[in-house]
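**Student:** With the sequence up front, the predicted model follows.
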Protein chains: 2
Amino acid sequence: MPDFPETASGAEGPGREIPPASLARLPTYLRALNAMLADPVERVPSEELAEAAGVKSAMLRKDLSYLGSFGTRGVGYDVRFVSHKISSLLGLGQEWRVAIVGAGNPGRALARYTGFTSRGFEVVALFDADERIVGTEIGWLKVSHVDSLEAELERTGTNMAVLSVPGAVAQQLCDRLVAAGVTSILSFAPVVLQVPPHVQVRKVDMGTELQILAYHAQRAQEGEPGSGARPARQAR
Amino acid sequence: MPDFPETASGAEGPGREIPPASLARLPTYLRALNAMLADPVERVPSEELAEAAGVKSAMLRKDLSYLGSFGTRGVGYDVRFVSHKISSLLGLGQEWRVAIVGAGNPGRALARYTGFTSRGFEVVALFDADERIVGTEIGWLKVSHVDSLEAELERTGTNMAVLSVPGAVAQQLCDRLVAAGVTSILSFAPVVLQVPPHVQVRKVDMGTELQILAYHAQRAQEGEPGSGARPARQAR
DNA sequence: CAATGTGAACTCGTTCACAGCT
DNA sequence: AGCTGTGAACGAGTTCACATTG
């Protein structure tokens, strides 16, 4: 299917760095585009793609302009072409080998989540420190003891890690991952990880998200009850 | 013991809205402060708290200044006091009743995650559409059929929902949640949800995060030739 | 003519640097 | 003396609006 000129190899993109805010939206665009590929949609104007992605059309156009300038004036964008372009920019042409460190509830859920296997990410190792969990099979993977972390990372050629361990041990395991040469870490631990500058960490934190929601919810309910401002003072 | 000196009751709530970027950091500050409370730390200067939260001290001070102006010049901030202040601003004084919609792998992991129960969030209902799952117990909750969604939300007094269902049905369930009066939704579904303006949605998307990591990882590996030499330095 | 691509205006977020308190 | 609180400078991100192009 990849019948597009120059796919995964470098040199294609402009030297410009993509601004982080823009980069963070590309996966959303990619999903929208791929959804359109299912139906046989050939072209899409920025207005429509932007709506599907939940952004304004000017922003979408500016974002895409960082990757180069394709799209046909008066017509729109070629769905397949832009999809490929984003995929290759994101490095989805290659398989990323992911290790999951921490096979507790969240780790196990991740290991079984097939959603991303299909998108260029393969889970190749699973670690835990709990003897009762080590050796059990989850999905089609056997849980390794965290003692063998370095050896297994090497053996499996892991180049990305998901950290789903309790906050108390997250930093220490993060350090070991970094020492073993992992430079991309997705952390679910509710702590701020300290890493050297060449290592990329992204954090997913449900607790934080719920607290932000609580802030808005509280404001909303203060407005509701008709009586106006209420102190609503309750210590925890 | 939970009494604090002033807190001019009328003046506590600044009319000012908290800027979103600032709001998003408050949970991190709160965690750092609560960790300090464990040790008996009374006061902390902005420099130190900022380091624990991974931000610059000027930013921390500005963020805290949105909540009011406490902190003692020449000394620092009272750990307990600021912790309380943030908690109450975030609405953590009250119990939030959370329903989890979708009891697949991620939903089950969330239901068992006790980490947030302790922080003012209680899971009060769990839904799924799969007959084989409905009726089973997860943690101390029985999975309800999604058909009874509206009734159960009402019965349990749910005021927040976590949406952990496949993307294909997320929008439709989101609509039902909104129709049932839920105004705060944390979504794990990899789709852009359309909601009316009074509803707050936050999204957690591992796929997106991995793709962003892949972008950086790809850039990094383009820089260095494929030989075995890797920096592998330690974190601080 | 319809829709892109983009400079310019504007808004929001971060950092600086120092006045003002304790 | 030391540290907060904040106005002002700076920078990033978003939106506007329009010249440009197929």
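**Tutor:** Yep, it's here.

**Student:** strand partners of the lengthiest strand in chain A, parallel vs antiparallel please.
**Tutor:** Assignment by DSSP state E gives strand A:121-128 as the longest strand of chain A. Applying DSSP bridges, strand A:121-128 is found paired with strand A:96-101 (parallel), strand A:144-145 (parallel).

**Student:** hey, which of these is tucked in deepest?
**Tutor:** strand A:96-101 (a mean of 24; mean count of other CB atoms under 10 Å in any protein chain shown). Using the backbone N, CA and C atoms, a C-beta is placed for each residue, glycine as well.

**Student:** I'd like the strands paired with strand A:121-128 written out as TSV, with mean pLDDT and distance to DNA strand C added.
**Tutor:** TSV is the format used below for those (pLDDT from 0 to 100; distance: least, CB to the nearest atom of the strand, whole Å):
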stretch	mean pLDDT	distance to DNA strand C
strand A:96-101	97	28
strand A:144-145	98	38
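
**Student:** Tell me how chain A divides into domains.
**Tutor:** Following automatic domain parsing, one finds the domains of chain A at A:20-90, A:96-206.

**Student:** what's the first-to-last distance across the last one?
**Tutor:** I take that to be domain A:96-206. Using CA to CA, to the nearest Å, one end of domain A:96-206 lies 25 Å from the other.

**Student:** Can you confirm whether that domain lies near DNA strand D?
**Tutor:** No. Figure legend: domain A:96-206 not in contact with DNA strand D (CB under 7 Å from any atom of the strand); closest approach 14.8 Å.

**Student:** That domain: how far from the chain's middle?
**Tutor:** Its chain's C-alpha centre and that of domain A:96-206 lie 14 Å apart, by CA atoms, centre = their mean, to the nearest Å.

**Student:** about what we covered before: out of the domains of chain A, nearest to B:Tyr215?
**Tutor:** domain A:20-90 (4.9 Å; CB to CB).

**Student:** angle of the helix or strand bottoming out on mean pLDDT in chain A against strand A:96-101?
**Tutor:** Taking mean pLDDT, DSSP states H and E as the measure, chain A has helix A:105-112 as its least confident helix or strand, at a mean of 91. Going by axes from the mean of the first three to the mean of the last three CA atoms, to 10 degrees, helix A:105-112 is angled at 150 degrees with respect to strand A:96-101.

**Student:** Regarding chain A, what is its longest helix?
**Tutor:** Counting residues, the longest helix found in chain A (DSSP state H) is helix A:206-223.

**Student:** what mean pLDDT does it have?
**Tutor:** For helix A:206-223, mean pLDDT is 93.

**Student:** ok, and what's touching that helix?
**Tutor:** With contacts defined as CB atoms under 8 Å, 6 or more residues apart in numbering or on different chains, helix A:206-223 is touched by A:190, A:229-230, A:232, B:18, B:23-24, B:26-28, B:30, B:89-92, B:94, B:96, B:98, B:110, B:113, B:115-116, B:119-121, B:159-160, B:183-186, B:198, B:200, B:202, B:204.

**Student:** Among the residues you listed, which lie within helices?
**Tutor:** Per DSSP H, the contacts of helix A:206-223 map to helices at B:23-24, B:26-28, B:30, B:89-90, B:110.

**Student:** Out of these, give me the two with the largest separation.
**Tutor:** Taking CB to CB, no two of these sit farther apart than B:Leu89 and B:Leu110, at 25.0 Å.

**Student:** picking that back up, does the least confident helix or strand of chain A come close to chain B?
**Tutor:** Yes. With CB under 8 Å from any CB of the partner chain as the measure, helix A:105-112 is seen reaching chain B through A:105-106, A:108-110, A:112.

**Student:** Can you check the residues you listed and name whichever has the most neighbours?
**Tutor:** Using other CB atoms under 10 Å in any protein chain shown as the neighbour criterion, A:Leu110 leads the residues of helix A:105-112 next to chain B with 26 neighbours.

**Student:** Pick the most buried one from the domains of chain A.
**Tutor:** The most buried one of the domains of chain A (mean count of other CB under 10 Å) is domain A:96-206, showing a mean of 19.

**Student:** if I look at the nearest residue to A:Arg25 once chain neighbours are set aside, how far off is B:Leu23?
**Tutor:** Among residues not flanking A:Arg25 along the chain, A:Asp63 sits closest, at 5.8 Å (CB to CB, 6 or more residues apart in numbering or on different chains). Remark: distance between A:Asp63 and B:Leu23 (CB to CB, to the nearest Å) = 25 Å.

**Student:** Over to A:Ala99?
**Tutor:** To B:Leu23, A:Ala99 is 33 Å away according to CB to CB.

**Student:** now do A:Pro19
**Tutor:** 22 Å.

**Student:** Equivalent analysis for A:Glu224, please.
**Tutor:** As judged by CB to CB, A:Glu224 and B:Leu23 stand 20 Å apart.

**Student:** Same check on A:Gly120?
**Tutor:** Distance of A:Gly120 to B:Leu23, given as CB to CB: 34 Å.

**Student:** got it, and A:Pro45?
**Tutor:** 35 Å.

**Student:** low-scoring stretches of chain A, by residue?
**Tutor:** Counting by pLDDT under 70, chain A contains low-confidence residues at A:1-15, A:115-118, A:225-236.

**Student:** Which residues of it lie near DNA strand C?
**Tutor:** Within chain A, the residues that sit near DNA strand C (CB under 7 Å from any atom of the strand) are A:45-47, A:57-58, A:61-62, A:64-65, A:69-77.

**Student:** so of these, which ones are in helices?
**Tutor:** A:46-47, A:57-58, A:61-62, A:64-65.

**Student:** Redo those as a markdown table? Include distance to B:Gly135.
**Tutor:** Listed next are those as a markdown table, based on distance: CB to CB, whole Å:
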| residue | distance to B:Gly135 |
| --- | --- |
| A:Ser46 | 48 |
| A:Glu47 | 46 |
| A:Ser57 | 47 |
| A:Ala58 | 50 |
| A:Arg61 | 50 |
| A:Lys62 | 51 |
| A:Leu64 | 48 |
| A:Ser65 | 53 |
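
**Student:** Pull the most distant pair out of those residues.
**Tutor:** A:Glu47 and A:Ser65 (15.7 Å).

**Student:** from memory A:Phe127 sits against A:Gly104, does it?
**Tutor:** No. The pair A:Phe127 and A:Gly104 fails to qualify as a contact (CB atoms under 8 Å) at a distance of 11.0 Å.
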